[in-house]
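have a look; sequence and predicted model below, questions after that.
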Amino acid sequence: MSRAAVFIDGANLFFTQRHLGWQIDFSRLMAFFMSGYASVQANYYVPASEPISEENAAFTRVLTAHGYRITSKPVKKIVNKETGVIVMKGNLDVELVVDALSAADQYDTFLLFSGDSDFLPLLRALKEKGKEVMVYSTQGLSARELLAEPGIAYHDLALLKERIEQVRPGDSLRVDGLGAGNDQEFSVPLPDIGVTFTGTVLKVQPYGIFLSNPFHVKCLLPLSFLGISKYIDDLTAIVRMTDVFDVVVFHVNTARDIAEITVKLADKKMAEELTSRIEG
């Protein structure tokens, strides 16, 4: 399976979600891509208003907890000397392009979340480098140039609603700005001990596996909770990025900036599969 890199134009995605009439669950979005690629690098670019509100800080923690790398810069206020009109500027297109090209040797598939035709030269450059290129946006907000460009796979987010929409109940955090007039809610319920769910692999460390989860928190499945009696020399050698784990919540820690949960493997078949990989 190929390696994917997701580059999200946060300001553009805000207007896309408003146009669609529903919000994206970034945990489900990460899980959606992890199901199709060996690895996923997710990058989120967004202008930031100052001072940073508690809601915006909470949204940042949500993204960070699910493996997104956030790049932001303060919104600038530019005053037209002739008219006195104040213009807000917070474009991160250049940063996105530079990062995408600099890291081109780290991925095989480039996934752009934006309908902006300004990115067309980047997409063409990546095609020339042999990269598979995909654009995620929606009809009505996607530039004609992107839709007409040969060799670029276009995906309408409207068709992915059932896979990535935010639908979970729980307390809501209203994100008011992120420098782009954003005004949306993100559900961040914390689970009770004993709750079960299915998670995909975000990162593998010698001491355990970080999993995607529906609670927008850091989720660790420790090595000691895999239910494997055999000695494991290198956990990264037996866990695959395509693995799916059925787990049960063992501990919830809210003492940190980003809430953390510890889980135990609840799937005997997966424990047996991991054991067989050790023996094989």
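Good, I have the coordinates.

helices along this protein, start to end?
10-20, 26-34, 54-65, 93-102, 120-128, 144-148, 161-164, 268-279 (DSSP state H).

residue ranges with poor pLDDT in the stretch 51-200 of the chain?
Scanning the stretch 51-200 of the chain for pLDDT under 70 picks out the ranges 51-55, 75-90, 167-189.

please identify the buried residues of stretch 207-224?
208-222 (16 or more other CB atoms under 10 Å). Every residue, glycine included, has its C-beta placed from N, CA and C.

break the chain into its domains for me.
3-187, 196-279 (automatic domain parsing).

just the helices of the chain: most buried one?
With neighbours defined as mean count of other CB atoms under 10 Å, those peak in mean count at helix 26-34, which reaches a mean of 22.

number of residues surrounding H251?
When neighbours are counted by other CB atoms under 10 Å, H251 registers 11.

nearest residue to it in space, please, no chain neighbours.
T262 (4.2 Å; CB to CB, 6 or more residues apart in numbering).

wait, what's in contact with the one you found?
L220, L221, P222, F225, V249, F250, H251, N253 (CB atoms under 8 Å, 6 or more residues apart in numbering).

bridging residues for it?
Here T262 sits in beta bridges with L220, H251, going by DSSP bridges.

average pLDDT across stretch 234-248?
Mean pLDDT, computed over stretch 234-248, is 87.

please apply the same query to stretch 3-13.
Averaging pLDDT along stretch 3-13 gives 93.

all strands of the stretch 151-280 of the chain, in order?
153-156, 172-177, 182-187, 196-205, 208-211, 218-222, 244-253, 260-265 (DSSP state E, counting those that start in this stretch).

the fourth one pairs with which strands?
This points to strand 196-205. strand 208-211 (antiparallel), strand 244-253 (antiparallel).

now those in TSV, with distance to G130?
Shown next, in TSV, are these (distance: least, CB to CB, whole Å):
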stretch	distance to G130
strand 208-211	30
strand 244-253	30
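
and the ones you listed: which comes nearest D156?
D156 lies closest to strand 244-253 among those, at 26.4 Å (CB to CB).

and the angle for that closest one with strand 218-222?
Strand 244-253 runs at 110 degrees relative to strand 218-222, counting by axes from the mean of the first three to the mean of the last three CA atoms, to 10 degrees.

in strand 244-253, which residues are buried?
By 16+ other CB under 10 Å, the buried positions in strand 244-253 come out as V244, F245, V247, V248, V249, V252.

any idea how far H66 is from M30?
5 Å (CB to CB, to the nearest Å).

please tell me I have it right and M241 contacts M34.
Yes - at 6.8 Å, M241 and M34 qualify as touching, with contact defined as CB atoms under 8 Å.

report the set of residues contacting both of these two.
Common contacts of M241 and M34 (CB under 8 Å, 6+ apart): V201.

circling back: JSON lines please, covering the buried residues of strand 244-253 and showing distance to L96.
Shown next, in JSON lines, are the buried residues of strand 244-253 (distance: CB to CB, whole Å):
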{"residue": "V244", "distance to L96": "31"}
{"residue": "F245", "distance to L96": "32"}
{"residue": "V247", "distance to L96": "34"}
{"residue": "V248", "distance to L96": "39"}
{"residue": "V249", "distance to L96": "36"}
{"residue": "V252", "distance to L96": "35"}
